[in-house]
Every structure is written in structure tokens, then in C-alpha cells.
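Sequence first, predicted model second:
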Amino acid sequence: MINRHADEAQHLDPNYCGECYGAPPPPDATKPGCCNTCDDVRNAYASISWSFGRGEGVEQCEREHYAEHLDAQRAEGCRLEGSIRVNKVIGNFHVAPGKSFSNGNLHVHDLDNYFKDGADHSFTHIIHHLRFGPQLADVVIQRMSKSHSASEPGGWTNHHINPLDGTEQHTSEKAFNYMYFIKVVSTAYLPLGWEKESPMPTKYNDLLGSTIDASYRGSIETHQYSVTSHKRSLQGGTDEDQGHKERIHARGGIPGVFFSYVSLILSALSPSPY
């Protein structure tokens, strides 16, 4: 992703109104009715589902050295970290190349630069950590493990809550798609005496990325999930090279890593003393 500041065009004449090159000015343009930055032109193109490319011949992009920024990032990878709010319904989030936009009822990406840049990009990836709900400190996991030690001889660890942690996938193909199908279960942990404790601090509900630490001894509402995965080449064909020639894949799609989730019923962990 190219990072540029919103004040790039401040040095321009106050009366300057950049051309949008045949596309309608985007509603969030830097200057209403104009395309004063390269991002404005890209957004204008995306609004009518036009591919943008490297911005050759676009005055704003040449002024901001957009193509040079693309070239400087060709050998880079990505490390993504953050939090998003999702509703407790069926949904998905994904990581895919190119600027995204809507084309009718379809969500699409401008893949022109991704496929034409000549670099060895792919969606080889490592999922270091993926969770739904607040982070649980190791000591909290250990306490929860005690209530499951009898039913699960191997103990109950963080992997039971977040099974995608540490997942690695490798491909040498640019046109490749990974899909993770996730079933999320809301989970309430009610240790003995939880009702005598003070309510959970609101910071656990209000702050994304918060951690429930060892000092908290009340009820815990979090989430577990199970997952199945699917991967395919967007060129279509079978998985004969993996010993599964009966698997036939359709051609086409968006390269990337997709997470499709559905929220299921509430689960309660049995009480246990601390």
C-alpha cells in the first residue's frame, strides 16, 4: 500500500481543479467536483469500474510519482496487524491485491498492477494470531484449562480457542486463492464464585485489542472457533499433483486470503475453582 499525505496538493493554486480523465469526480474528493490528487483519480476510476494501472499520462499521479512508489515496493512483503468489529452474522473479511470497488452487486479488485508488475508476488502467508473477542492472558487460559483437564487428557490450551494461530501456507502462483471457513461459538466461562466478583471493566468491551489479565476473576465472555480450509489455483483444474485428481476447481476469482465466518450458539464452560 502506498502511503501519501492528504496535504499533497496544498501547494497548488487554490483555484486548481484537476481533471478526472473521463470519470465523474468522487464524492470524497480532496476538492469537491475535482480530482486534485492521484488518489482522487483512482477513486473516480473505481467508481465506474475502470482499471487504473500505473497512472501514466495522469498529471496528478506523475506529479506525485505514483509509478515510482509502486516500483519501490515491488520487493516488499506485508505484515498486517489490527482489529475490526464484525456483527454476529454471516460475513467475511479478506486480504487481496489492488484497489477494491463495487461493480453492480459484486465486490471486485483492480488487479492490473498485481499481474503486470513482473515481481514474484504471491499469497504465501503465516497467520500468527487470529481471534474473536478479547485476548486472554496465559494465566487465564491455564485456569480455564483446569475445568477441561478431565474431559481432554491433553489439556485445554489457547489452540482450542484460536486454532488458526501459527498456520502457514505456501504457493509460487500469483493467481491463487485461500479460503478459511470459520464457525464462531460465543463462550461464557463461569468459574465458581464468579457472581460475587465485580462486573468486568468496560474496557474489555469498548477497546479492540484489549487483554483479560490475571487480575480479573469474574465471568469471561469470549469466543472459540473451528475452521476448515480450501485452496485453489485461479487457473482452474484439479489437485492431481496433491493426489486428489477428483477435485475440480473452477477458473477465475480474486487472488488473496479470505476468511468467511458464521456465528453459532452460546457455549458455557463448566465452573471450576481458581
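Perfect, I can see it now. In this text the structure is predicted, and so the values were computed from the model without any measurement.

Name the spans of the stretch 51-200 of the chain whose pLDDT lies under the cut-off.
103-104, 143-160, 190-200 (pLDDT under 70).

make it 50
150-151, 153-156 (pLDDT under 50).

For it, which segments count as helices?
Counting by DSSP state H, counting those that start in this stretch, the stretch 51-200 of the chain has helices at residues 59-63, 66-72, 112-116, 138-146, 158-161.

Next, count neighbours for the nearest residue to Leu80 once chain neighbours are set aside.
Closest residue to Leu80 apart from its sequence neighbours, by CB to CB, 6 or more residues apart in numbering: Val95 at 6.6 Å. Placement of C-beta: from N, CA and C, glycine included. For Val95, the neighbour count with other CB atoms under 10 Å is 14.

Val95 and Tyr180 touch, don't they?
No - if you go by CB atoms under 8 Å, Val95 and Tyr180 don't touch, sitting 11.3 Å apart.

Now stretch 226-238: average pLDDT?
Stretch 226-238 shows a mean pLDDT of 86.

Can you mark which positions in it are buried?
Buried residues in stretch 226-238, counting neighbours by 16 or more other CB atoms under 10 Å, are found at 227, 231-234.

do you know how far the residue lying closest to Gly256 once chain neighbours are set aside is from His121?
Counting by CB to CB, 6+ apart, Ala96 is the residue found nearest to Gly256 once chain neighbours are left out, at 3.1 Å. Ala96 sits 12 Å away from His121, going by CB to CB, to the nearest Å.

before we move on, back to that, spell out which residues are contacts of both of Val95 and Tyr180.
Residues touching both Val95 and Tyr180 (CB atoms under 8 Å, 6 or more residues apart in numbering) are Val257.

returning to that earlier point: partners of the residue nearest to Leu80 in the sheet?
Judged by DSSP bridges, the bridge partners of Val95 are Val257.

Distance-wise, check it relative to Ile127.
According to CB to CB, Val95 and Ile127 sit 11 Å apart.

And Asn105, by the same measure?
In terms of CB to CB, Asn105 sits 29 Å off from Ile127.

The two: who's more crowded?
Using other CB under 10 Å, the more surrounded residue of Asn105 and Ile127 is Ile127, with 16 against 5.
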